[in-house]
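In: sequence-free structure coming up:
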């Protein structure tokens, strides 16, 4: 019975812990794209650098904008030449076909999708701006998805924790019934409810601690089984990205939480049992 | 010491177990409550130990009205009285020593004092050397002596015994009663429920007779 209980606790907690870990890693990944929140304003080709600087100046007073950068045609051309591999072909062009671009970086506390979208629409209407582009919409959508998933994870965590409370409660209830004669004798000899409850709370404590350790190991197992595929994938993208495991405090939290909920289960059941038994 | 004032106990399914019972127990006496089974002897003891509450009336212990005692104080009250049962009520998965030590453990005595007092109590009931035995391996008389050791280990001024010799043969019964008498001579007050007329006439200081829940004098 104890083994079963421990297994149920472990599985119930491995789920939310793994879910949490996955979200944490996706979050870390998406945070690494933060610097690319910039909006690119493509000006009309005929717009000259003086006008672009004027536009930059007029935008710089806005509260929602953190920084602005004017990228001149020649600079853009040079960058394009280096990166695209069309260097020689570009040499054949008579003049530079690239427009001037102004990079607009919104302030971080302003950077939620709705605000940025509104900003993009507004910038679009400015004179001299041919179009405003914001590439990171998918990132924002991802952030929203993470937020939804996090809520789901929380709900799952709450439900499974409730399950732990019930399974520990049930285990303790069976033990209480086993020990009913002993408990009655102890009451007759003057044992307080606190005294009778104590060993059962210890039991809840140990169930929680060991179940929590098992859950931690289960999460570690899932993590380890994913690290090498993720590393290979990351290699294919020439990325340095690697998975993170639960840190020290998150691990402590997992164990403490496990002990807390299983002790709660034990406490509830014993208290109810003793209350029905009184006096 | 103990005063019963117009006590009635009514059970919803079996009617009145006690009705209008009034008497008192003097300090240092050995009082017997007699009557047929079902006359209300056990109920009287259970009310005194606050295992149950009377439907009407008051019980005073040393002038204190037990009816006013809140449930949370009952454990501390029970530590001051010794209880002995017909079926001994021992813990069969514990040793004799652990059974006797239990009330001290409950009261929070340290291990040394607990061991010392438990051994002394076992010595007083003639069971020195039985510490490690299991209750099941003892005879009925020996088991009851473990029960007595458990009742006296906290040195209570009052002991309530419910048919303590109900399961024992006459010789053992007399032995148990003589043991009670010894403790009684050292100042412990006894209230004993028994239907054994022979024992009662031989050991009782005073008798309270119950018939169908009523006091008969």
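Out: Thanks, I have it. Since we're looking at a predicted model, the values are computed, not measured. Numbering: from 1, shown residues only, chains lettered A, B, ... in the order given.

In: what about residue 59, neighbour count?
Out: Chain wasn't specified; assuming chain A. Residue A:59: 16 surrounding residues under other Cβ atoms under 10 Å in any protein chain shown. Quick note: C-beta positions are derived from backbone N, CA and C, even for glycine.

In: Wait, chain B was what I had in mind.
Out: So residue B:59, with other Cβ under 10 Å, has 20 neighbours.

In: now the one 3 residues further on
Out: Residue B:62 has 11 neighbouring residues, counting by other Cβ under 10 Å.

In: cool, and residue B:32?
Out: Neighbours of residue B:32 using other Cβ under 10 Å come to 25.

In: now do the one 4 residues further on
Out: Applying other Cβ under 10 Å, we find 11 residues neighbouring residue B:36.

In: Could you give the separation of stretch A:224-236 from the chain centroid?
Out: Relative to its chain's centre, stretch A:224-236 lies at 19 Å (Cα atoms, centre = their mean, to the nearest Å).

In: residue boundaries of the helices in the chain?
Out: The chain I'm using is chain A. A:2-31, A:49-60, A:73-84, A:87-91, A:113-124, A:137-178, A:180-188, A:193-236, A:248-277 (DSSP state H).

In: that's the wrong chain, I meant chain B
Out: Counting by DSSP H, the helices of chain B are B:41-48, B:74-78, B:96-107, B:111-124, B:140-152, B:170-185, B:197-203.

In: can you redo those helices as CSV with mean neighbour count, distance to chain A and mean pLDDT?
Out: As requested, the helices of chain B are arranged in CSV below (neighbours: other Cβ atoms under 10 Å in any protein chain shown; distance: least, Cβ to the nearest Cβ, whole Å; pLDDT from 0 to 100):
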stretch, mean neighbour count, distance to chain A, mean pLDDT
helix B:41-48, 23, 10, 92
helix B:74-78, 18, 4, 93
helix B:96-107, 23, 5, 95
helix B:111-124, 17, 13, 94
helix B:140-152, 24, 8, 94
helix B:170-185, 16, 18, 92
helix B:197-203, 14, 24, 88
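
In: Any chance of a markdown table for the ones you listed, columns distance to residue A:258?
Out: Below are these laid out as a markdown table (distance: least, Cβ to Cβ, whole Å):
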| stretch | distance to residue A:258 |
| --- | --- |
| helix B:41-48 | 43 |
| helix B:74-78 | 32 |
| helix B:96-107 | 30 |
| helix B:111-124 | 32 |
| helix B:140-152 | 39 |
| helix B:170-185 | 52 |
| helix B:197-203 | 59 |
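
In: Quick check: which ranges of the stretch 101-250 of chain A have low pLDDT?
Out: For the stretch 101-250 of chain A, residues meeting the criterion pLDDT under 70 lie at A:110-111, A:113, A:135-137, A:238-240.

In: Can you pull the residues of it lying near chain B?
Out: A:181, A:182, A:185, A:186, A:187, A:188, A:189, A:190, A:191, A:192, A:193, A:195 (Cβ under 8 Å from any Cβ of the partner chain).

In: what about 7 Å?
Out: A:182, A:185, A:186, A:188, A:189, A:190, A:191, A:192, A:195 (Cβ under 7 Å from any Cβ of the partner chain).

In: Determine which two of the residues you listed are furthest apart.
Out: Based on Cβ to Cβ, the longest span within these runs between A:182 and A:192 and measures 15.3 Å.

In: out of the helices of chain A, which comes closest to residue B:208?
Out: Among those, helix A:180-188 sits nearest to residue B:208 (Cβ to Cβ), with 22.9 Å.

In: and the closest one, which residues are buried?
Out: Buried residues in helix A:180-188, counting neighbours by 16 or more other Cβ atoms under 10 Å in any protein chain shown, are found at A:182, A:183, A:185, A:186, A:187, A:188.

In: so the nearest residue to residue A:41 once chain neighbours are set aside bridges to which residues?
Out: Nearest-residue entry for residue A:41: residue A:102, 4.3 Å, with adjacent residues in sequence omitted and distances by Cβ to Cβ, 6 or more residues apart in numbering or on different chains. Under the criterion DSSP bridges, residue A:102 forms beta bridges with residue A:41, residue A:70.
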